[in-house]
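1. Any chance you can model this:
(4 chains)
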Protein chains: 2
Amino acid sequence: MNGYELTRFFDAAPRWVWSAPQSQIYPTLRQMEQAGLIEGQKEIRGTRLKRTVYSITERGLEELRTWLGTGHALAPVRDSFFLQALFFDMIDTDRAASVLKAYIAEQEQLITEWRAHREALLAKDTDLLKERLKNRPPAEHDRIAGLKAHVFTGQIAVAQARADWARESLRLLAEGV
Amino acid sequence: MNGYELTRFFDAAPRWVWSAPQSQIYPTLRQMEQAGLIEGQKEIRGTRLKRTVYSITERGLEELRTWLGTGHALAPVRDSFFLQALFFDMIDTDRAASVLKAYIAEQEQLITEWRAHREALLAKDTDLLKERLKNRPPAEHDRIAGLKAHVFTGQIAVAQARADWARESLRLLAEGV
DNA sequence: ACAATACATGTATATTTGTACATGTTCTAG
DNA sequence: CTAGAACATGTACAAATATACATGTATTGT
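-> Model (predicted):
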(Lines give C-alpha, C1' and ligand atoms only; values in the text may rest on other atoms or scores of the structure.)
Protein backbone atom coordinates (compact mmCIF):
# COMPACT_ATOMS: atom_id res chain seq x y z
CA MET A 1 0.00 0.00 0.00
CA ASN A 2 0.91 3.65 -0.11
CA GLY A 3 0.30 6.17 2.66
CA TYR A 4 -3.01 7.27 1.26
CA GLU A 5 -4.38 3.76 1.06
CA LEU A 6 -3.26 3.03 4.61
CA THR A 7 -4.92 6.21 5.83
CA ARG A 8 -8.18 5.27 4.16
CA PHE A 9 -7.94 1.75 5.48
CA PHE A 10 -7.59 2.87 9.09
CA ASP A 11 -10.22 5.58 8.70
CA ALA A 12 -12.71 3.14 7.25
CA ALA A 13 -12.22 0.52 9.94
CA PRO A 14 -11.29 2.41 13.08
CA ARG A 15 -12.75 -0.23 15.38
CA TRP A 16 -11.57 -3.43 13.82
CA VAL A 17 -8.32 -4.52 15.33
CA TRP A 18 -5.96 -1.64 15.03
CA SER A 19 -6.11 1.98 14.00
CA ALA A 20 -3.80 4.92 13.46
CA PRO A 21 -4.38 8.59 12.70
CA GLN A 22 -3.26 9.94 9.34
CA SER A 23 -0.50 12.02 10.89
CA GLN A 24 1.27 8.86 12.02
CA ILE A 25 1.25 7.12 8.67
CA TYR A 26 3.94 8.94 6.73
CA PRO A 27 6.48 9.34 9.54
CA THR A 28 6.00 5.69 10.52
CA LEU A 29 6.46 4.50 6.94
CA ARG A 30 9.74 6.40 6.74
CA GLN A 31 10.89 4.96 10.07
CA MET A 32 10.04 1.45 9.00
CA GLU A 33 11.84 1.91 5.71
CA GLN A 34 14.91 3.21 7.52
CA ALA A 35 14.77 0.16 9.76
CA GLY A 36 14.74 -2.03 6.66
CA LEU A 37 11.35 -3.57 7.42
CA ILE A 38 9.60 -2.24 4.33
CA GLU A 39 10.74 -0.71 1.08
CA GLY A 40 9.11 1.95 -1.00
CA GLN A 41 8.69 1.93 -4.77
CA LYS A 42 8.24 5.40 -6.20
CA GLU A 43 5.68 5.78 -8.94
CA ILE A 44 4.15 8.62 -10.92
CA ARG A 45 0.48 8.86 -11.72
CA GLY A 46 -0.33 11.08 -14.67
CA THR A 47 2.48 13.55 -15.20
CA ARG A 48 3.34 14.88 -11.78
CA LEU A 49 1.45 13.13 -8.97
CA LYS A 50 4.04 11.13 -7.06
CA ARG A 51 3.29 8.25 -4.80
CA THR A 52 5.32 5.66 -2.94
CA VAL A 53 4.02 2.13 -2.68
CA TYR A 54 5.52 0.10 0.14
CA SER A 55 6.01 -3.62 0.48
CA ILE A 56 7.45 -5.72 3.26
CA THR A 57 11.08 -6.86 3.04
CA GLU A 58 12.59 -10.21 3.97
CA ARG A 59 13.78 -8.63 7.25
CA GLY A 60 10.34 -7.22 7.87
CA LEU A 61 8.78 -10.64 7.39
CA GLU A 62 11.22 -12.14 9.86
CA GLU A 63 10.44 -9.48 12.46
CA LEU A 64 6.73 -9.95 11.90
CA ARG A 65 6.94 -13.72 12.32
CA THR A 66 8.93 -13.31 15.52
CA TRP A 67 6.43 -10.83 16.89
CA LEU A 68 3.49 -13.05 15.93
CA GLY A 69 5.00 -16.04 17.71
CA THR A 70 5.73 -14.24 20.98
CA GLY A 71 3.39 -13.50 23.86
CA HIS A 72 3.00 -9.82 24.63
CA ALA A 73 2.04 -8.09 27.85
CA LEU A 74 -1.60 -7.04 28.11
CA ALA A 75 -2.09 -3.33 27.80
CA PRO A 76 -3.14 -1.65 31.04
CA VAL A 77 -6.92 -1.64 31.26
CA ARG A 78 -8.54 1.72 30.60
CA ASP A 79 -12.17 1.16 30.07
CA SER A 80 -14.03 4.41 30.49
CA PHE A 81 -17.39 2.70 30.21
CA PHE A 82 -16.79 0.27 33.07
CA LEU A 83 -15.34 3.18 35.01
CA GLN A 84 -18.61 5.04 34.54
CA ALA A 85 -20.59 1.97 35.55
CA LEU A 86 -18.57 1.70 38.75
CA PHE A 87 -20.18 4.95 39.92
CA PHE A 88 -23.72 4.57 38.65
CA ASP A 89 -24.85 4.68 42.27
CA MET A 90 -23.97 8.38 42.22
CA ILE A 91 -26.46 9.40 39.53
CA ASP A 92 -30.14 8.99 38.73
CA THR A 93 -31.28 5.60 37.55
CA ASP A 94 -32.64 6.96 34.28
CA ARG A 95 -29.44 8.83 33.48
CA ALA A 96 -27.47 5.65 34.04
CA ALA A 97 -29.99 3.74 31.93
CA SER A 98 -29.54 6.11 29.01
CA VAL A 99 -25.77 5.66 29.12
CA LEU A 100 -26.28 1.89 29.13
CA LYS A 101 -28.70 2.02 26.21
CA ALA A 102 -26.29 4.07 24.12
CA TYR A 103 -23.56 1.57 24.90
CA ILE A 104 -25.73 -1.38 23.91
CA ALA A 105 -26.54 0.32 20.61
CA GLU A 106 -22.83 0.87 19.92
CA GLN A 107 -21.94 -2.72 20.67
CA GLU A 108 -24.75 -3.96 18.45
CA GLN A 109 -23.54 -1.72 15.67
CA LEU A 110 -20.07 -3.23 16.00
CA ILE A 111 -21.50 -6.73 15.98
CA THR A 112 -23.37 -6.04 12.76
CA GLU A 113 -20.26 -4.71 11.05
CA TRP A 114 -18.06 -7.52 12.27
CA ARG A 115 -20.58 -10.15 11.19
CA ALA A 116 -20.65 -8.69 7.71
CA HIS A 117 -16.87 -8.68 7.60
CA ARG A 118 -16.68 -12.26 8.83
CA GLU A 119 -19.04 -13.36 6.07
CA ALA A 120 -16.97 -11.47 3.51
CA LEU A 121 -13.82 -13.23 4.73
CA LEU A 122 -15.44 -16.65 4.59
CA ALA A 123 -16.53 -15.87 1.03
CA LYS A 124 -12.93 -14.78 0.34
CA ASP A 125 -14.37 -11.51 -0.79
CA THR A 126 -12.17 -8.78 0.70
CA ASP A 127 -9.39 -6.99 -1.15
CA LEU A 128 -6.76 -7.70 1.46
CA LEU A 129 -7.56 -11.40 1.69
CA LYS A 130 -7.56 -11.82 -2.09
CA GLU A 131 -4.16 -10.19 -2.23
CA ARG A 132 -2.90 -12.46 0.53
CA LEU A 133 -4.21 -15.64 -1.07
CA LYS A 134 -2.36 -14.90 -4.31
CA ASN A 135 0.91 -16.07 -2.73
CA ARG A 136 -0.55 -19.14 -1.03
CA PRO A 137 -1.29 -22.62 -2.35
CA PRO A 138 -5.03 -23.02 -3.09
CA ALA A 139 -5.20 -26.00 -0.73
CA GLU A 140 -4.60 -23.58 2.16
CA HIS A 141 -7.11 -20.92 1.12
CA ASP A 142 -10.01 -22.23 3.18
CA ARG A 143 -7.86 -22.57 6.27
CA ILE A 144 -6.46 -19.04 5.98
CA ALA A 145 -9.86 -17.48 5.37
CA GLY A 146 -11.26 -19.55 8.23
CA LEU A 147 -8.60 -18.40 10.68
CA LYS A 148 -9.06 -14.74 9.81
CA ALA A 149 -12.84 -14.99 9.98
CA HIS A 150 -12.49 -16.65 13.36
CA VAL A 151 -10.80 -13.53 14.76
CA PHE A 152 -13.98 -11.62 14.07
CA THR A 153 -15.99 -14.37 15.71
CA GLY A 154 -13.94 -13.51 18.80
CA GLN A 155 -14.55 -9.79 18.50
CA ILE A 156 -18.25 -10.50 18.13
CA ALA A 157 -18.30 -12.77 21.17
CA VAL A 158 -16.65 -10.09 23.30
CA ALA A 159 -19.03 -7.38 22.09
CA GLN A 160 -21.92 -9.74 22.75
CA ALA A 161 -20.71 -10.33 26.30
CA ARG A 162 -20.49 -6.58 26.83
CA ALA A 163 -23.96 -5.93 25.41
CA ASP A 164 -25.48 -8.77 27.43
CA TRP A 165 -23.89 -7.41 30.56
CA ALA A 166 -25.25 -3.91 29.85
CA ARG A 167 -28.75 -5.33 29.36
CA GLU A 168 -28.44 -7.17 32.64
CA SER A 169 -27.38 -3.87 34.24
CA LEU A 170 -30.51 -2.18 32.95
CA ARG A 171 -32.58 -4.83 34.67
CA LEU A 172 -30.64 -4.44 37.91
CA LEU A 173 -31.18 -0.68 37.83
CA ALA A 174 -34.88 -1.01 37.03
CA GLU A 175 -35.43 -3.44 39.88
CA GLY A 176 -33.78 -0.94 42.18
CA VAL A 177 -31.79 -3.81 43.64
CA MET B 1 -6.15 9.97 49.28
CA ASN B 2 -2.69 11.40 48.91
CA GLY B 3 -0.38 10.85 45.94
CA TYR B 4 1.35 7.90 47.52
CA GLU B 5 -1.88 6.07 48.24
CA LEU B 6 -3.10 6.68 44.69
CA THR B 7 0.17 5.36 43.30
CA ARG B 8 -0.10 2.21 45.38
CA PHE B 9 -3.73 1.80 44.43
CA PHE B 10 -3.02 1.89 40.70
CA ASP B 11 0.09 -0.26 41.05
CA ALA B 12 -1.79 -2.89 43.00
CA ALA B 13 -4.70 -3.06 40.59
CA PRO B 14 -3.26 -2.26 37.19
CA ARG B 15 -5.87 -4.30 35.34
CA TRP B 16 -9.07 -3.42 37.11
CA VAL B 17 -10.77 -0.56 35.44
CA TRP B 18 -8.26 2.22 35.19
CA SER B 19 -4.58 2.69 35.83
CA ALA B 20 -1.98 5.42 35.81
CA PRO B 21 1.79 5.46 36.19
CA GLN B 22 3.27 7.12 39.26
CA SER B 23 4.74 9.98 37.23
CA GLN B 24 1.25 11.13 36.30
CA ILE B 25 -0.14 11.25 39.81
CA TYR B 26 1.43 14.37 41.27
CA PRO B 27 1.15 16.63 38.21
CA THR B 28 -2.45 15.52 37.69
CA LEU B 29 -3.36 16.19 41.31
CA ARG B 30 -1.98 19.71 40.98
CA GLN B 31 -3.88 20.27 37.74
CA MET B 32 -7.11 19.06 39.26
CA GLU B 33 -6.62 21.25 42.30
CA GLN B 34 -6.00 24.27 40.06
CA ALA B 35 -9.19 23.44 38.20
CA GLY B 36 -11.03 23.44 41.51
CA LEU B 37 -12.11 19.80 41.25
CA ILE B 38 -10.24 18.62 44.33
CA GLU B 39 -8.61 20.31 47.26
CA GLY B 40 -5.54 19.30 49.19
CA GLN B 41 -5.15 19.31 52.95
CA LYS B 42 -1.53 19.52 54.04
CA GLU B 43 -0.52 17.37 56.94
CA ILE B 44 2.69 16.49 58.74
CA ARG B 45 3.59 13.00 59.86
CA GLY B 46 6.15 12.89 62.63
CA THR B 47 8.18 16.07 62.62
CA ARG B 48 9.06 16.70 58.98
CA LEU B 49 7.36 14.28 56.59
CA LYS B 50 4.82 16.34 54.67
CA ARG B 51 1.90 14.92 52.80
CA THR B 52 -1.14 16.34 51.06
CA VAL B 53 -4.43 14.52 51.32
CA TYR B 54 -6.93 15.40 48.61
CA SER B 55 -10.68 15.30 48.62
CA ILE B 56 -13.25 16.12 45.97
CA THR B 57 -14.88 19.55 45.99
CA GLU B 58 -18.49 20.46 45.29
CA ARG B 59 -17.46 21.49 41.76
CA GLY B 60 -15.60 18.24 41.31
CA LEU B 61 -18.67 16.26 42.32
CA GLU B 62 -20.75 18.19 39.80
CA GLU B 63 -18.27 17.50 37.01
CA LEU B 64 -18.10 13.86 37.98
CA ARG B 65 -21.88 13.45 37.96
CA THR B 66 -22.10 15.12 34.57
CA TRP B 67 -19.38 12.87 33.17
CA LEU B 68 -21.03 9.77 34.64
CA GLY B 69 -24.36 10.63 33.06
CA THR B 70 -23.01 11.25 29.57
CA GLY B 71 -22.18 8.73 26.87
CA HIS B 72 -18.55 8.81 25.74
CA ALA B 73 -17.01 7.77 22.46
CA LEU B 74 -15.44 4.34 22.43
CA ALA B 75 -11.67 4.44 22.37
CA PRO B 76 -10.13 3.30 19.09
CA VAL B 77 -9.59 -0.44 19.23
CA ARG B 78 -5.97 -1.49 19.67
CA ASP B 79 -5.92 -5.10 20.59
CA SER B 80 -2.48 -6.52 19.98
CA PHE B 81 -3.60 -10.03 20.76
CA PHE B 82 -6.36 -10.09 18.14
CA LEU B 83 -3.91 -8.46 15.76
CA GLN B 84 -1.53 -11.36 16.33
CA ALA B 85 -4.34 -13.85 15.84
CA LEU B 86 -5.21 -12.26 12.52
CA PHE B 87 -1.88 -13.49 11.16
CA PHE B 88 -1.59 -16.89 12.80
CA ASP B 89 -1.66 -18.37 9.30
CA MET B 90 1.86 -16.97 8.86
CA ILE B 91 3.51 -18.97 11.64
CA ASP B 92 3.76 -22.58 12.82
CA THR B 93 0.71 -24.07 14.47
CA ASP B 94 2.57 -24.84 17.69
CA ARG B 95 4.00 -21.34 17.99
CA ALA B 96 0.50 -19.93 17.59
CA ALA B 97 -0.79 -22.45 20.10
CA SER B 98 1.74 -21.36 22.71
CA VAL B 99 0.70 -17.72 22.30
CA LEU B 100 -2.92 -18.76 22.75
CA LYS B 101 -2.15 -20.80 25.85
CA ALA B 102 -0.30 -17.92 27.47
CA TYR B 103 -3.27 -15.68 26.71
CA ILE B 104 -5.74 -18.15 28.21
CA ALA B 105 -3.63 -18.33 31.37
CA GLU B 106 -3.60 -14.54 31.66
CA GLN B 107 -7.35 -14.26 31.21
CA GLU B 108 -7.93 -16.95 33.81
CA GLN B 109 -5.66 -15.14 36.22
CA LEU B 110 -7.71 -11.98 35.72
CA ILE B 111 -10.93 -13.90 36.24
CA THR B 112 -9.65 -15.30 39.54
CA GLU B 113 -8.68 -11.86 40.80
CA TRP B 114 -11.91 -10.23 39.69
CA ARG B 115 -13.99 -12.99 41.27
CA ALA B 116 -12.23 -12.45 44.58
CA HIS B 117 -12.80 -8.73 44.34
CA ARG B 118 -16.45 -9.19 43.48
CA GLU B 119 -16.92 -11.36 46.55
CA ALA B 120 -15.14 -8.77 48.70
CA LEU B 121 -17.47 -6.07 47.38
CA LEU B 122 -20.58 -8.15 48.04
CA ALA B 123 -19.32 -8.71 51.58
CA LYS B 124 -18.74 -4.93 51.78
CA ASP B 125 -15.19 -5.75 52.69
CA THR B 126 -12.98 -3.35 50.72
CA ASP B 127 -11.48 -0.15 52.10
CA LEU B 128 -12.84 2.04 49.33
CA LEU B 129 -16.36 0.69 49.58
CA LYS B 130 -16.42 1.04 53.37
CA GLU B 131 -15.35 4.66 53.02
CA ARG B 132 -18.04 5.25 50.41
CA LEU B 133 -20.81 3.68 52.47
CA LYS B 134 -20.07 5.95 55.42
CA ASN B 135 -21.88 8.83 53.69
CA ARG B 136 -24.82 6.77 52.47
CA PRO B 137 -28.00 5.66 54.22
CA PRO B 138 -27.75 2.02 55.37
CA ALA B 139 -30.85 1.13 53.35
CA GLU B 140 -28.84 1.78 50.17
CA HIS B 141 -25.75 -0.18 51.16
CA ASP B 142 -26.78 -3.45 49.54
CA ARG B 143 -27.74 -1.74 46.31
CA ILE B 144 -24.46 0.19 46.08
CA ALA B 145 -22.33 -2.87 46.83
CA GLY B 146 -24.40 -4.86 44.35
CA LEU B 147 -23.93 -2.33 41.56
CA LYS B 148 -20.18 -2.16 42.07
CA ALA B 149 -19.84 -5.93 42.27
CA HIS B 150 -21.84 -6.19 39.08
CA VAL B 151 -19.17 -4.23 37.20
CA PHE B 152 -16.74 -7.02 37.97
CA THR B 153 -19.28 -9.56 36.83
CA GLY B 154 -19.03 -7.76 33.49
CA GLN B 155 -15.25 -7.79 33.44
CA ILE B 156 -15.35 -11.50 34.24
CA ALA B 157 -17.86 -12.20 31.48
CA VAL B 158 -15.67 -10.41 28.93
CA ALA B 159 -12.52 -12.24 30.05
CA GLN B 160 -14.46 -15.49 29.92
CA ALA B 161 -15.55 -14.76 26.36
CA ARG B 162 -11.94 -14.06 25.41
CA ALA B 163 -10.62 -17.22 27.06
CA ASP B 164 -13.38 -19.34 25.49
CA TRP B 165 -12.58 -17.91 22.11
CA ALA B 166 -8.86 -18.67 22.56
CA ARG B 167 -9.67 -22.27 23.53
CA GLU B 168 -11.84 -22.59 20.45
CA SER B 169 -8.91 -21.24 18.41
CA LEU B 170 -6.62 -23.93 19.80
CA ARG B 171 -9.08 -26.55 18.58
CA LEU B 172 -9.29 -24.92 15.15
CA LEU B 173 -5.50 -24.90 14.87
CA ALA B 174 -5.20 -28.51 16.04
CA GLU B 175 -7.75 -29.73 13.54
CA GLY B 176 -5.78 -27.98 10.83
CA VAL B 177 -9.06 -26.58 9.52
C1' DA C 1 -15.15 24.01 -19.00
C1' DC C 2 -15.37 23.74 -14.35
C1' DA C 3 -16.64 22.24 -9.83
C1' DA C 4 -16.50 18.67 -6.75
C1' DT C 5 -14.40 14.72 -5.29
C1' DA C 6 -10.72 11.58 -4.86
C1' DC C 7 -5.80 10.99 -4.79
C1' DA C 8 -1.50 11.96 -2.43
C1' DT C 9 1.88 13.65 1.01
C1' DG C 10 3.38 16.11 4.25
C1' DT C 11 4.07 19.39 8.98
C1' DA C 12 2.99 21.71 13.58
C1' DT C 13 1.67 21.35 18.01
C1' DA C 14 -0.22 19.74 22.22
C1' DT C 15 -1.34 16.04 25.14
C1' DT C 16 -0.82 11.68 27.04
C1' DT C 17 1.78 8.07 28.47
C1' DG C 18 5.72 5.24 30.04
C1' DT C 19 10.36 4.47 31.93
C1' DA C 20 13.60 6.00 34.73
C1' DC C 21 15.86 8.80 37.92
C1' DA C 22 16.18 11.50 42.38
C1' DT C 23 15.62 12.56 47.28
C1' DG C 24 14.36 12.51 51.85
C1' DT C 25 11.47 10.70 56.21
C1' DT C 26 9.40 7.32 59.28
C1' DC C 27 8.53 2.86 60.94
C1' DT C 28 9.60 -1.88 62.10
C1' DA C 29 11.90 -6.12 62.75
C1' DG C 30 15.95 -8.29 64.35
C1' DC D 1 20.52 0.62 67.33
C1' DT D 2 20.53 -0.06 62.70
C1' DA D 3 19.24 -1.91 58.21
C1' DG D 4 15.59 -2.49 55.32
C1' DA D 5 10.97 -1.61 54.12
C1' DA D 6 7.35 1.53 53.76
C1' DC D 7 5.99 6.34 53.35
C1' DA D 8 6.06 10.46 50.50
C1' DT D 9 6.88 13.67 46.60
C1' DG D 10 8.82 15.07 42.95
C1' DT D 11 11.46 15.67 37.86
C1' DA D 12 13.56 14.35 33.19
C1' DC D 13 13.02 12.56 28.98
C1' DA D 14 11.39 9.76 25.25
C1' DA D 15 7.67 7.76 22.70
C1' DA D 16 3.04 7.54 21.28
C1' DT D 17 -1.10 9.76 20.06
C1' DA D 18 -4.56 13.21 18.54
C1' DT D 19 -6.10 17.38 16.31
C1' DA D 20 -5.40 20.49 13.05
C1' DC D 21 -3.29 22.76 9.36
C1' DA D 22 -1.22 22.93 4.61
C1' DT D 23 -0.63 22.00 -0.30
C1' DG D 24 -0.99 20.26 -4.69
C1' DT D 25 -2.62 16.77 -8.68
C1' DA D 26 -5.94 13.80 -11.17
C1' DT D 27 -10.44 12.24 -12.22
C1' DT D 28 -15.31 12.46 -12.81
C1' DG D 29 -19.80 14.14 -13.38
C1' DT D 30 -22.55 17.88 -15.17
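2. hey, where'd the helices end up in chain A?
-> Using DSSP state H, the helices of chain A run over A:3-12, A:22-34, A:58-68, A:80-85, A:93-122, A:127-134, A:138-175.
3. Pick the most deeply packed of the ones you listed.
-> Ranked by mean neighbour count, these are led by helix A:80-85 with a mean of 20 (mean count of other Cβ atoms under 10 Å in any protein chain shown). Every C-beta, even on glycine, is put in place using the N, C-alpha and C of the backbone.
4. where's that helix relative to the chain centroid, distance-wise?
-> Offset of helix A:80-85 from its chain centre (Cα atoms, centre = their mean, to the nearest Å): 22 Å.
5. Could you do stretch A:139-150 as well?
-> On Cα atoms, centre = their mean, the centre of stretch A:139-150 falls 18 Å from the chain's centre.
6. Was I right to think residue A:71 contacts residue B:99?
-> Yes: using Cβ atoms under 8 Å, residue A:71 is in contact with residue B:99, at 5.4 Å.
7. What parts of chain A come near DNA strand D?
-> Neighbours of DNA strand D within chain A, by Cβ under 7 Å from any atom of the strand: A:19-24, A:45-49.
8. Greatest separation within those: which pair is it?
-> A:19 and A:47 (34.2 Å; Cβ to Cβ).
9. Give me the more crowded residue out of these two.
-> Legend: neighbour count by other Cβ atoms under 10 Å in any protein chain shown for residue A:19 and residue A:47, higher for residue A:19 (17 against 5).
10. Now that one: closest residue in space, sequence neighbours ignored.
-> Nearest non-adjacent residue to residue A:19, counting by Cβ to Cβ, 6 or more residues apart in numbering or on different chains: residue B:76, 4.4 Å away.
11. again, but for residue A:88
-> Excluding the flanking residues, the one nearest residue A:88 by Cβ to Cβ, 6+ apart is residue A:96, at 4.2 Å.
12. Next, see if stretch A:146-154 gets close to chain B.
-> Yes: Stretch A:146-154 comes into contact with chain B (Cβ under 8 Å from any Cβ of the partner chain), by way of A:146-148, A:150-151, A:153-154.
13. State the mean pLDDT of that stretch.
-> Stretch A:146-154 comes out with an average pLDDT of 96.
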